[in-house]
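> What shape does this take:
(2 chains)
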Number of protein chains: 2
Amino acid sequence: MIIPKNKKIPKGFRFAVASAGIKHKGRADMGLIVSDVEAAAAGVFTTNRVRAFNIDLNKKKLRYGRGQAIVVNSGNANVCTGKQGEKDTIYMADSTAQLIGVAPGRTFVCSTGVIGTPMPMDNVRKGINTLARDLGKHSISDVSNAIMTTDRFPKTSSRQIMVGGKMVTITASAKGAGMIDPNMATMLCFIITDARIEGSAMKKVLKDVVNDTFNTITVDGDMSTSDTVLMMANGLAGNKIIKPGSKDIKKVKATVHDICYELAEMMVKDGEGATKIIDIEVKGAKTKADARKAADAIANSLLVKTAIYGNDANWGRIIAAAGYSGANFNHRKVSIFFNRLLAVKNGVSATTDKAANAELKKKKVKITIDLNAGKCAAAALSCDLTEEYIRINAGYRT
Amino acid sequence: MIIPKNKKIPKGFRFAVASAGIKHKGRADMGLIVSDVEAAAAGVFTTNRVRAFNIDLNKKKLRYGRGQAIVVNSGNANVCTGKQGEKDTIYMADSTAQLIGVAPGRTFVCSTGVIGTPMPMDNVRKGINTLARDLGKHSISDVSNAIMTTDRFPKTSSRQIMVGGKMVTITASAKGAGMIDPNMATMLCFIITDARIEGSAMKKVLKDVVNDTFNTITVDGDMSTSDTVLMMANGLAGNKIIKPGSKDIKKVKATVHDICYELAEMMVKDGEGATKIIDIEVKGAKTKADARKAADAIANSLLVKTAIYGNDANWGRIIAAAGYSGANFNHRKVSIFFNRLLAVKNGVSATTDKAANAELKKKKVKITIDLNAGKCAAAALSCDLTEEYIRINAGYRT
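The predicted structure is shown next:
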């Protein structure tokens, strides 16, 4: 029997949340994920040169490819907080580890929220005590709820698959909303599974999947200071270990991809103030890099985002964005589709404004750009840009 | 006697505007600038792969380094309009040239406005007739008015200097407002002077000045499909010809720089919906390229722009933007100033939020970022991002 989607929890994982009052009183802002036994662990992190100290700390711990616990807080990113901030990060990991009886080297710590404000450590200390005391009383959905910042809804995704003769569960909890532009991506994602997976194989799966999912909404190098994807596989499902190159690792990869794509789509849908998802596909590019550049430029164009918000099929802005992206093509050969409607053929209008505008009234708009310059393609997920985005971000700290 | 600033007109130039009803009825939307005699001419154009046919046409004509007339319209960019659009462009130049008795090869044509809509040629034809009939009846300020699209105010700048024993006048008319992000730069600028300048020297002056002024608000490669800066020097001031490497060419360069910087600042001030100018200086960078990258990333960060709008000195967003820019630095050494207030030292807060926020309440905010990694610097002009920007751009065509 497959248990209901929102209840799928891998064997041997427990959760807790706490309301520590880090930024706001009375809302859950700390979370804890613990495996009963040590797990294979892997991570993918922001490439921002300015990054939280916890990124460096977690990376260092991951050299051993093992992990058992993740403690996380929202409301304060603990970035640009100097030596004290580094001490506070270490304290969070070590103190949690001690209270729950896990090795500090197997305990990861993540923080998300405002940059440059010292962590209110009295609150954090109390929060950690609560987390340790309440471990097992909460669900992974509660953790998703506790790590929200500007998110409008919590993000959890789960799947079960048969591998090596056993049913295994893979579940992930994520946060991320300010993904309107790659440079405001602030995401966390924790993937846990009871599958037994060979460490190096899992590491590669995670890297590839992040590239194809979260990185299509967060262009390479344009990440926040805290972006982290962590995965832990504790093996308690009892399957035969999944090895690199095996059929089972492909199955795991496809499933982790499904989960991460679902979460990425949730993040875009939750884009600050967004009313619509924009699903962009560039095809017919000369090279993969050209397709990537064009897709990213269109996905990030404020003029495209505002036009879609206004139900205005202003394809001139789309073709102009492709034009300055650096991709190599002849605009006299370009076709553009809004959903299935051919709006532009050979670089000139192929339909009426009325017909094209009507296609934008949907909650999810697919824009396909055929550069007719080759055979390569790339996709990007974006969302529209609204007055609400300005309101959220002009007043985020106040 | 130096005539008042807004009246300085180089000798031997005449102007006309017309209300052709290209997009809106009853407002001036065409302009004509004509020199009585052939002039040395030079131009700088968009690097967008998708560009107006008039860009290619003007470039071709400029091979001879000579020009005499510029005909321009707003309301329609005549881009992505196919073969017919190209014919219409040629018609605009040739028909104007014929009516005013100037060689077609010395007559430039510029268009700004919506992309992808055929030019309403009946209107344009009538407009050209009016321009030719009324030549000399209007001022360069009228031309600045006629070329506005989303601009809130016309942009004209003028200076007089002594070169080669003669007083010469340099005057420019420009449009540009959607400069919130480099990728929405849509600017035109026409610089005219009665100085006699050697063609190759003028070409170099123009290129250097554009790089230091308009390109600090429009990052290289991120230009619109129609961006054009044209300069014509007709020599009627009677000065001895100004040669490359001379003191006088330096004087001309400094003056053209002043004019273009003034116009660039006007464009930023007029940024769609903007309430403030953000003057960004990155210093202490290891290389010039690093400084440029960091300045551009900060200037274009939506999170920085919205924070400044909200009077929120959220310097974490500034340091994060520098971090993902690709510039090489250690964030633990970074200083940030808001105007003259040291807000961040060695990567951590050095003041109170209240003091820093107070600095943002000015109409022009200077942000200085010292990376403390070397000796190179770069500047960028930006503006804040407001709800009004969304309203303008979500409804631009409708």
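> Might you list the low-confidence residue ranges for chain A?
Counting by pLDDT under 70, the low-confidence segments of chain A come to A:1-7, A:178-185, A:218-223, A:395-398.
> Now do the helices in it.
Taking DSSP state H, the helices of chain A run over residues A:53-61, A:82-100, A:121-133, A:140-146, A:199-212, A:214-217, A:247-269, A:288-300, A:302-309, A:315-324, A:353-359, A:387-394.
> Which strands or helices does the third one pack on?
This means helix A:121-133. Helices and strands touching helix A:121-133, by 3 or more CB pairs under 8 Å, 6 or more residues apart in numbering or on different chains; DSSP states H and E, are strand A:13-18, strand A:30-45, strand A:66-76, helix A:82-100. Placement of C-beta: from N, CA and C, glycine included.
> and the helices of chain A, which is most packed in?
Highest mean neighbour count among those (mean count of other CB atoms under 10 Å in any protein chain shown): helix A:315-324, with a mean of 28.
> elements contacting it?
Judged by 3+ CB pairs under 8 Å, 6+ apart, helix A:315-324 is in contact with helix A:288-300, helix A:302-309, strand A:335-338, strand A:341-345, strand A:364-370.
> Help me confirm that A:E198 comes into contact with A:G245.
No: using CB atoms under 8 Å, A:E198 makes no contact with A:G245, being 10.0 Å away.
> Tell me which of those two has more neighbours.
The neighbour comparison of A:E198 against A:G245 (other CB atoms under 10 Å in any protein chain shown) goes to A:E198, with 17 against 7.
> what's that one in contact with, if anything?
Counting by CB atoms under 8 Å, 6 or more residues apart in numbering or on different chains, A:E198 makes contact with A:40, A:241-244, A:249.
> ditto for A:M92
By CB under 8 Å, 6+ apart, the contact set of A:M92 is A:71, A:73, A:109, A:111, A:124, A:128.
> next one: A:Y91
A:M121.
> Distance check, it against chain B.
Distance, A:Y91 to chain B, using CB to the nearest CB, to the nearest Å: 18 Å.
> so A:S158 bridges to which residues?
Note on A:S158: beta-bridge partners by DSSP bridges are A:T171.
> close enough to count as contact, it and A:V168?
No: contact between A:S158 and A:V168 fails when scored by CB under 8 Å: they sit 11.4 Å apart.
> Skip the chain neighbours and tell me the closest residue to the closest residue to chain B within the stretch 251-398 of chain A.
Here the residue of the stretch 251-398 of chain A nearest chain B is A:G316; by CB to the nearest CB that distance is 2.5 Å. Nearest residue to A:G316, sequence neighbours excluded (CB to CB, 6 or more residues apart in numbering or on different chains): B:I115, at 2.5 Å.
> what's the burial count for the one you found?
Close neighbours of B:I115, defined as other CB under 10 Å, add up to 24.
> Quick check: the gap between A:A93 and A:A103.
A:A93 is 10 Å from A:A103, where distance means CB to CB, to the nearest Å.
> A:D212 too?
Using CB to CB, A:D212 is found at 33 Å from A:A103.
> again, but for A:T130
Distance, A:T130 to A:A103, using CB to CB: 22 Å.
> Flag every residue of the stretch 201-350 of chain A that's near chain B.
For the stretch 201-350 of chain A, the residues in contact with chain B (CB under 8 Å from any CB of the partner chain) are A:221-225, A:297, A:301-303, A:306-307, A:309-310, A:312, A:314-317, A:319-324, A:326-329, A:331-332, A:344, A:346-349.
> now do 6 Å
Residues of the stretch 201-350 of chain A lying near chain B by CB under 6 Å from any CB of the partner chain: A:221-222, A:225, A:301-303, A:306, A:309-310, A:312, A:314, A:316, A:319-320, A:323-324, A:331, A:347-349.
> Now for A:E281, how many residues are close by?
A:E281, neighbours per other CB under 10 Å, totals 17.
> Mind listing the residues bridging to it?
In this entry, A:E281 is beta-bridged to A:T368, A:A379, by DSSP bridges.
> Make sure it is actually in contact with A:A379.
Yes: the pair A:E281 / A:A379 is scored as a contact, 5.0 Å apart, by CB atoms under 6 Å.
> Which residue is the nearest non-sequential neighbour of A:A274?
What sits nearest to A:A274 in space, not counting adjacent residues and going by CB to CB, 6+ apart, is A:C383, at 3.6 Å.
> again, but for A:I22
A:G75 (3.7 Å).
> circling back to that earlier point, which one of the contacts of A:M92 is nearest to B:R14?
A:S111 (65.9 Å; CB to CB).
> one step back: let's have the contacts of A:E198 in TSV, adding distance to A:S144.
Output for the contacts of A:E198, formatted as TSV (distance: CB to CB, whole Å):
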residue	distance to A:S144
A:A40	23
A:I241	29
A:I242	26
A:K243	31
A:P244	31
A:I249	27
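> Mark which of the residues you listed are buried, thanks.
Among the contacts of A:E198, those classed as buried by 16 or more other CB atoms under 10 Å in any protein chain shown are A:40, A:241-242, A:249.
> Out of the residues you listed, flag the one nearest to chain B.
Proximity of the buried ones among the contacts of A:E198 to chain B (CB to the nearest CB) peaks at A:A40, which lies at 30.1 Å.
> so how far is B:G316 from the residue in the stretch 1-150 of chain A that chain B sits nearest to?
Using CB to the nearest CB, the closest approach of the stretch 1-150 of chain A to chain B is made by A:I115 at 2.4 Å. Using CB to CB, A:I115 is found at 2 Å from B:G316.
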